[in-house]
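A.B. asks: A predicted structure for the sequence below; I have some questions about it.
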Amino acid sequence: MQPATNSALFVQSFARGLEVIESFGQTPRMTLTEVAEATGLSRATVRRFVHTLVSLGYMRANDKHFALTPKVMNLGFAYLASQPLVELVDPVLANLSQELGQSTSVSVLDGTDVVYIARQETTSIMRINITVGTRFPAYATSMGRVLLAGLEAEKLDEYFAAADLTDVTDRTLTDEAALRSELGQIRKQGYAVVKEELEVGLASVAVPIRNRAGVTVAAMNTSVAVTSQAPEDLTELLPPLQAAADEVSNAL
C-alpha cells in the first residue's frame, strides 16, 4: 500500500528529511549537489535539511562533503529494541549456526526488499558483507520468497506492482508468472531454495517464522557455497532449520 502523501496529516518536510538520510545508503560521502541529484530535491532545500542534520549530530561536514554519523544508528536500533522477535531469535540463531556450521539469518519484508534483523556469521561466503540492516530484493532471495509466499493475494499483487524485477545474476528468476508459480510451490512445501540468483556460488534455504495466528512475520535461512555442497543437498539442512524457526514461532 502506498503512503497517503496527500493526507492532511502527512508532513512533507519530515519525509524529505528522511529521504536525504536514505540517499546516503549507496554513497557514504556526497556534496550538496550530489544529494540533490540523488533525491530530486532542489539544492537550496537539501542545504536546509543537511544543516539541520549536522546541527542535530546525525551528519558531519568535511569540506564540501557530508556523511552520516553513527548517531543515525539510533533510529534503527530503536526499531530493533522495540521488536520482541529480535530478542527471541538471537540465541536460537547462535545455536543453529553452531549446529550447522553455517551462517544463519532472520529477515523481514520491508516494501520490496528483505531487511536483515538478526544474523550469526561463521565464515563469509559472500562478496557483500551482511549485517543487521542489510537489504536485498525479495524476489532474488530464499527468505524473500518465503515472505512473499506468506502474503495475501492483494498484498502480493501490490508487491509485483512495485517491484523492479531485474537480473541480479544471470540465473535470477525475473519473470512474474514464473515467480508466482514458484511462490505457490513454496507455500505448499513450506520452504524456499535459491541457487545463485543473488550471488554466483551461493545457495540458500529459508523457512517461515509464524505468529500465533499462523501469519508469516519473518523468515530464517542458512546459506552454503555451491562448491562445498550440492544444491540438492540443501534440503538436508531443513530439519534443524525448521526446528529453530518453530522454536521462535512457538515463543511468539
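C.D. replies: Everything's here; your move. Numbering: from 1, shown residues only.
A.B. asks: just for the stretch 51-200 of the chain, where's the confidence low?
C.D. replies: 76-83, 123-128 (pLDDT under 70).
A.B. asks: where do the helices sit along it?
C.D. replies: 73-81, 84-100, 142-149, 153-162, 176-189 (DSSP state H, counting those that start in this stretch).
A.B. asks: So which elements touch the longest one?
C.D. replies: This points to helix 84-100. Secondary-structure packing of helix 84-100 (3 or more C-beta pairs under 8 Å, 6 or more residues apart in numbering; DSSP states H and E): strand 104-110, strand 113-120, strand 216-225, helix 238-251. Quick note: C-beta positions are derived from backbone N, CA and C, even for glycine.
A.B. asks: Tell me which of the helices of the stretch 51-200 of the chain sits most buried.
C.D. replies: Stretch with highest mean neighbour count among those: helix 142-149 (a mean of 28; mean count of other C-beta atoms under 10 Å).
A.B. asks: Residues touching that one, excluding its own?
C.D. replies: Identification of contacts with helix 142-149 by C-beta atoms under 8 Å, 6 or more residues apart in numbering yields 105-109, 113-114, 136-139, 156, 159, 182-184, 186-187, 191-194, 204-208, 216, 218-221.
A.B. asks: Is it correct that T112 is in contact with F136?
C.D. replies: No - using C-beta atoms under 8 Å, T112 makes no contact with F136, being 10.2 Å away.
A.B. asks: Nearest to T131 among the helices of the stretch 51-200 of the chain would be which one?
C.D. replies: Of all the helices of the stretch 51-200 of the chain, helix 73-81 sits nearest to T131, with 10.7 Å by C-beta to C-beta.
A.B. asks: For the helix or strand harbouring S13, which helices and strands make contact with it?
C.D. replies: Take DSSP states H and E as the rule and S13 turns out to sit in helix 12-22. Where contact means 3+ C-beta pairs under 8 Å, 6+ apart, helix 12-22 is packed against helix 32-39, helix 43-56.
A.B. asks: Next up, the contacts around R119.
C.D. replies: Here R119 is in contact with 93, 103-106, 130-132 (C-beta under 8 Å, 6+ apart).
A.B. asks: Can I get the buried part of those residues as one PyMOL selection?
C.D. replies: Selecting the buried subset of those in PyMOL, with 16 or more other C-beta atoms under 10 Å as the burial test, is done by:
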select buried, resi 93+103+104+105+106+130+132
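A.B. asks: now the helices of the stretch 51-200 of the chain in CSV, with distance to P239?
C.D. replies: Formatted as CSV, those follow (distance: least, C-beta to C-beta, whole Å):
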stretch, distance to P239
helix 73-81, 29
helix 84-100, 10
helix 142-149, 16
helix 153-162, 28
helix 176-189, 14
